[in-house]
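[1] Curious how this folds, go ahead:
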Amino acid sequence: MAQTSVFPDDSKLLELIKSRVDDGRATGLVLGVMDADGSTRIVSYGDPGAGAQSLGPETVFEIGSVTKVFTTTLLADMVQKGEVSLDAPAQQYAPRGMTLPTLNGKAITLAHLAEQNSGLPRLPSNMSFADMSNPYADYTAKNLNTFLASHTLRRDPGAEFEYSNLGMGLLGALLAHRSGQTYEQLVKTRILDPLGMKSSGIALTPPMQVRLAKGHTAEGAPTPNWDLPALAGAGALRSTMNDMMRFLAANLGEPASDLERAMRLAQTPRFTLTPNTRIGLGWISVTRENGDFIYHDGGRGGYGAIVIIDRKRDVGVVLLANRTGVPDDIAMHVLDPSIPLTPKPRPASERAEISVPPETLAAFAGVYTLDAAPDFKLTVTLESGQLQVQASGQEKFPVFAESATKFFYKIVDAQLTFVAAADGKPAHLVLHQGGANQKATKQP
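    Sure, this is the predicted structure:
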């Protein structure tokens, strides 16, 4: 007797992604589900971008930070093979010329990097962001070594969770050095080739290039692809839905190979983030009344991706998108219908946009550092009379005036209030989003 799927039928799956594209919050989406018997279903809808082939199971997407669970799978595989130790100082595996920071006599371990509690910031402070449409492209191994040698940790390694592209990129570089291969060679040899993921990698082969979906900004405009030469382990991989279904299958059920046993090690929760959330080696584990799941998502310039696994039911979901932003809610709703879909943000048209003199706008230009996270910066520029704001590692978005000092985004429900320097204190802005008000101080 055929097993009943835990997921909605194809028409309902298609309706979910179609509604998100049609309401203007996505450009193209490919959604895949896998049941406990290993059967898969894939639906696609939307615009692949100018000159690209129609969306489908073989369309190539950048998967962004989903790359991180490939990096941590490499770590688990090398641990099982005795090539590295989770709790050994990461410095032990560093190439000549690289010195990792310590604090209070505590060293960063490989486990700390994989658990995102190394004490390293989200991004290194010496990124130039010379090309904000490809912000990591000019960041080199030499830049990384310079940053690590001069950086002072703000907290002990292992003490507190802080999501770090820097830390995961460093982990990938250390594992590659230990193996004697490049990061791409290592992930290809250990994961992609064994799983038959022939349309995945960092470098785009000619067939992958032909099938590449074009990335789009959050506003729907075409945007260039990203390159992460020094921090590849944080988010450099590209893949297709068919290949991601192979990766998903290997992460489900009873392990039947050394690689699959390494995947289960990576999935195992290790460090508590909240009462209901823990992190393993990369994978985030969520405990809910209706069931537990593990996941990782990824968003980079022009793309979004998420992989979710319900280990108890042995089912999973993958969603790939070619617009900035990850529609996590769709994938999670498909896995658990009690998780609501995110409503469309309040239209910006409900806010009254006003005209502000260019000289007023020019005074706001500069770099603002978030007080609560000094390595996170908001770069404000005035371009052709339009104020633009770019957060560290993200795309540039316009903001629109509703007063002489308060501005709003049209792509998300967020606002900025600019405060002039006074009483000997520097100018700053306040980011209003999700009920929080975060201050960012303007740098000299």
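[2] can you give me the helices for this protein?
    10-22, 67-80, 110-114, 141-150, 165-179, 183-187, 193-195, 206-210, 241-250, 258-267, 328-335, 358-364 (DSSP state H).
[3] Output the contacting helices and strands for the first one.
    Secondary-structure packing of helix 10-22 (3 or more Cβ pairs under 8 Å, 6 or more residues apart in numbering; DSSP states H and E): strand 28-34, strand 40-46, helix 328-335. Every C-beta, even on glycine, is put in place using the N, C-alpha and C of the backbone.
[4] pLDDT value on the most centrally placed residue in the chain, please?
    Centroid-nearest residue in the chain: residue 298, 3.0 Å away (criterion: Cα atoms, centre = their mean). On the pLDDT scale, residue 298 is placed at 93.
[5] what would the helices of the chain look like in TSV with mean neighbour count?
    Output for the helices of the chain, formatted as TSV (neighbours: other Cβ atoms under 10 Å):
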stretch	mean neighbour count
helix 10-22	17
helix 67-80	26
helix 110-114	27
helix 141-150	16
helix 165-179	25
helix 183-187	23
helix 193-195	15
helix 206-210	12
helix 241-250	22
helix 258-267	19
helix 328-335	21
helix 358-364	14
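[6] for the ones you listed, which one sits closest to residue 316?
    Closest approach to residue 316 among the helices of the chain (Cβ to Cβ): helix 241-250, 4.6 Å.
[7] Give me the distance from the closest one to the chain's centre.
    Helix 241-250 sits 19 Å away from the centroid of its parent chain (Cα atoms, centre = their mean, to the nearest Å).
[8] And for stretch 264-279?
    How far stretch 264-279 lies from its chain's middle: 18 Å, per Cα atoms, centre = their mean.
[9] now the end-to-end length of that stretch.
    Using Cα to Cα, to the nearest Å, one end of stretch 264-279 lies 13 Å from the other.
[10] Just the residues contacting that stretch, thanks.
    For stretch 264-279, the surrounding residues in contact (Cβ atoms under 8 Å, 6 or more residues apart in numbering) are 69, 72-73, 75-76, 79-80, 111, 114-117, 161, 251, 255, 280-288, 294, 309, 311.
[11] Now tabulate the helices and strands packed on helix 10-22 in JSON lines and tack on mean pLDDT and distance to residue 443.
    Formatted as JSON lines, these follow (pLDDT from 0 to 100; distance: least, Cβ to Cβ, whole Å):
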{"stretch": "strand 28-34", "mean pLDDT": "98", "distance to residue 443": "38"}
{"stretch": "strand 40-46", "mean pLDDT": "98", "distance to residue 443": "40"}
{"stretch": "helix 328-335", "mean pLDDT": "95", "distance to residue 443": "33"}
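[12] in the sheet, who's paired with the residue lying closest to residue 65 once chain neighbours are set aside?
    In space, and not counting its chain neighbours, residue 65 is closest to residue 298: 3.3 Å by Cβ to Cβ, 6 or more residues apart in numbering. Residue 298 has these beta-bridge partners by DSSP bridges: residue 305.
[13] list the contacts for residue 298?
    63, 64, 65, 66, 67, 68, 235, 304, 305, 306, 326.
[14] hmm, back to that, right, so of the helices and strands packed on helix 10-22, which gets closest to residue 95?
    Taking Cβ to Cβ, helix 328-335 is the member of the helices and strands packed on helix 10-22 nearest to residue 95, at 36.0 Å.
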